[in-house]
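**Q** Build me a model from this:
(one chain, ligands or ions: 1)
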Amino acid sequence: MTWVVVPAAGRGARFGGEVPKQYLDLLGRPLIEHTLRGLLAHPSISGVVVALSPNDPHWPGWRALESKPVLTCMGGGERADSVLAGLLALPDSVAKDAWVLVHDAARPCIKSMDLSRLFAALKSDPVGALLAAPVRDTVKRSDADGRVEATIPRGSLWRALTPQAFRRDSLVRALEAAQRAGETVTDEAMAMERLGLKPLLVEGSEDNLKVTTPADLAVAESILRRMGDGRA
Ligand code: C5P
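**A** Numbers count the residues shown, from 1 in each chain. Prediction:
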């Protein structure tokens, strides 16, 4: 059985507005409730630790959802700091070498099938794995004037999604090493890569979007309506 760390301490600066995006109303519930229920409904997941910003007035105070434990801890200044705090707040029953998943609070449309595919990949992988989606558009790099400097061949390009899964202790060590080096890592895989490790890319659904702008909220709503309660 596997635990999930959910960083939810962001202020959602890119989204704007007073309410952080993880608490926006999505089909009559706070966005994060869809995220947490989507994770906890999976039979291989035993609980979550949610990293919150200090004195978060929006957190509804859940101690359990889907009959599984919901623990909280205080997040940090960057996403990686919040993830590290979450890992350190895992219960002692989570073994040092147990797989732990990390999933963005702002990704409410996580599907059971994607979680199962990730778990299946972990069975035979020594390093860890992440859900990802192949890049479909042609990708350009810009120069300082906003003109195309180069076209990047997209054949081997992926967009990193979450959940990302690594062994508890290895991920703590990797995040602490990045912190010590003063490097901001924007996902867990990046912290592992810094140490020369090569996480496995597992193709996940495009529906697993991160709500970043108001337009994303409308898309998430239609995806959740389509998924219904089944989340298959
Ligand atoms: O800002 P971004 O969309 O990349 O955030 C991804 C996730 O990380 C969100 O769920 C956000 O709440 C979380 N986060 C955090 N602590 C921070 C910054 C972001 O937990 N300091």
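**Q** I'd like to know how far residue 136 sits from the ligand.
**A** 21 Å (Cβ to the nearest ligand atom, to the nearest Å). Quick note: C-beta positions are derived from backbone N, CA and C, even for glycine.
**Q** Would it be right to say that that residue lies in a helix?
**A** No: the assignment for residue 136 is coil, going by DSSP: H, G, I helix; E, B strand; the rest coil, so no helix is present there.
**Q** In the protein, what residue spans correspond to helices?
**A** Taking DSSP state H to define them, one finds helices in the chain at 31-40, 79-88, 112-122, 168-180, 188-194, 214-227.
**Q** For the ones you listed, give me CSV that also has mean pLDDT, mean neighbour count and distance to residue 15.
**A** Formatted as CSV, the helices of the chain follow (pLDDT from 0 to 100; neighbours: other Cβ atoms under 10 Å; distance: least, Cβ to Cβ, whole Å):
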stretch, mean pLDDT, mean neighbour count, distance to residue 15
helix 31-40, 98, 23, 11
helix 79-88, 98, 23, 15
helix 112-122, 98, 19, 24
helix 168-180, 98, 18, 25
helix 188-194, 98, 22, 23
helix 214-227, 95, 14, 7
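**Q** and of those, who's closest to the ligand?
**A** Minimum separation from the ligand across the helices of the chain (Cβ to the nearest ligand atom) falls at helix 79-88, 3.3 Å.
**Q** CA-only coordinates of that closest one in CSV, if you can.
**A** Extracted C-alpha coordinates of helix 79-88, given in CSV (Å, rounded to 0.1, in the frame of the first residue of the first chain):
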residue,chain,number,x,y,z
ARG,A,79,6.9,23.4,-4.6
ALA,A,80,10.0,21.2,-3.8
ASP,A,81,10.1,22.5,-0.2
SER,A,82,6.5,21.6,0.2
VAL,A,83,7.1,18.1,-1.2
LEU,A,84,10.1,17.6,1.2
ALA,A,85,8.0,18.7,4.2
GLY,A,86,5.3,16.2,3.1
LEU,A,87,7.8,13.4,2.8
LEU,A,88,9.1,14.2,6.3
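**Q** returning to what we had before: CSV please, covering the helices of the chain and showing distance to residue 52.
**A** Below are these laid out as CSV (distance: least, Cβ to Cβ, whole Å):
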stretch, distance to residue 52
helix 31-40, 10
helix 79-88, 9
helix 112-122, 23
helix 168-180, 18
helix 188-194, 19
helix 214-227, 21
